[in-house]
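Participant: take a look and give me a structure for this.
(one chain, ligands or ions: 1)
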Amino acid sequence: MKVNLAQALVEFKKDVVLAEVVQRLNDGDKPVQLIRELQDGMGLIGQKFETGDYFLSELLMSADLFSKAMEILEPKLQETALETIGKIIIGTPKGDIHDIGKNIFCTVAKGNGFEVHDLGVDVPAQRFVAAVEKLNPQILGFSALLTPSFEPMKEVVDLLLERGLRENLKIIVGGGVTTATVKRYIGADGQTTDVMDGIKQCKGFLGR
Ligand code: B12
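Facilitator: Numbering: from 1, shown residues only. Presented below is the predicted three-dimensional model:
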């Protein structure tokens, strides 16, 4: 019988989560499906944090367990692509240090043929702009998990406009707290809370 991965993660049942991930991969489940279930668990943990049932230590524990599951899943995501189809620069904006979702997106994007330049977390606006200037990518991606991240992303987009670097660039924002409204507010072209939908949108930007 299948274990409820999201619930097992919420209850920090480390051995159960890791054994289930291995078992399901052996049974032929897709790594992306398992990531979706684990992501649901992180969402539930976030809700418990909001209601005061969980504290920062629980957020940290969940991040640790998610990362351990990713160590098993990551090699399965990295099917080497034959050709490079486009260049993406990605980073988490200033003030935000969440990187689990960003790292997943980077791995899957590489597996789908994108050349990915990861600027890391807590990236100041000027660094995004300098990287766009230097590397001339087709796509700039933000990964945002905090509401206070919206303003720093808008700052980057405004700076790109000011410097004439926005025209040939597509911008996509991902991460649990983002919505279509956030996309419009910061002036991006795409938005998602799902890695595969993000890949689809990025391919669409390139006419694929
Ligand atoms: C784990 C976690 C942490 C960990 C982060 C560890 C790490 N290395 O990333 C730690 C403990 C450090 C942490 C700290 C904090 N956190 Co926190 N955290 C979370 C939690 C539980 C899960 C986030 C996560 O990893 N989800 C799983 C991943 C896989 O999902 P994802 O990021 O959405 O990514 C997927 C897609 O969105 C997409 N994607 C992601 N990025 C991108 C980018 C592109 C370009 C594309 C196309 C796609 C894409 O692909 C991924 C796979 O599908 C969330 C709860 C939640 N609901 O999300 C809170 C949450 C984000 N945290 C929150 C808060 C408040 C904080 C703190 C301020 C707490 C505090 N009081 O100190 C600090 C802030 C630290 C900082 N300055 O950034 C709030 C944010 C509220 C808000 N609206 O602003 C949340 C929502 C919890 C809550 N409900 O209150 N946190």
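Participant: with just CA atoms, put stretch 51-68 into CSV.
Facilitator: Output of stretch 51-68 as CSV, limited to C-alpha atoms (Å, rounded to 0.1, in the frame of the first residue of the first chain):
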residue,chain,number,x,y,z
THR,A,51,-1.2,28.7,12.8
GLY,A,52,1.6,28.5,15.4
ASP,A,53,1.5,24.6,15.7
TYR,A,54,5.0,24.4,14.2
PHE,A,55,8.0,26.7,14.8
LEU,A,56,11.2,27.6,12.9
SER,A,57,12.8,24.3,14.1
GLU,A,58,10.1,22.3,12.3
LEU,A,59,10.7,24.4,9.1
LEU,A,60,14.4,23.5,9.4
MET,A,61,13.7,19.8,10.0
SER,A,62,11.3,19.7,7.0
ALA,A,63,13.9,21.4,4.8
ASP,A,64,16.5,18.8,6.0
LEU,A,65,14.3,15.9,5.3
PHE,A,66,13.2,17.3,1.9
SER,A,67,16.9,17.7,0.9
LYS,A,68,17.6,14.1,1.9
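Participant: check whether that stretch comes near the ligand.
Facilitator: Yes: contact between stretch 51-68 and the ligand, assessed by CB under 6 Å from any ligand atom, occurs at 56, 59-60, 62-63. Quick note: C-beta positions are derived from backbone N, CA and C, even for glycine.
Participant: now the buried members of those.
Facilitator: Among the residues of stretch 51-68 next to the ligand, those buried by neighbour count (16 or more other CB atoms under 10 Å) are 59, 62.
Participant: and the residues of stretch 51-68 next to the ligand, which is the shakiest by pLDDT?
Facilitator: Of all the residues of stretch 51-68 next to the ligand, Ala63 carries the smallest pLDDT score, 87.
Participant: how is this protein partitioned into domains?
Facilitator: What automatic domain parsing lists as the domains of the chain is 5-77, 86-205.
Participant: tell me which of the ones you listed is the most buried.
Facilitator: domain 86-205 (a mean of 19; mean count of other CB atoms under 10 Å).
Participant: what about that one, distance to the chain center?
Facilitator: In this view, domain 86-205 has its centroid 9 Å away from the chain centroid, taken as CA atoms, centre = their mean, to the nearest Å.
Participant: got the end-to-end distance for it?
Facilitator: Length of domain 86-205, first residue to last, CA to CA, to the nearest Å: 10 Å.
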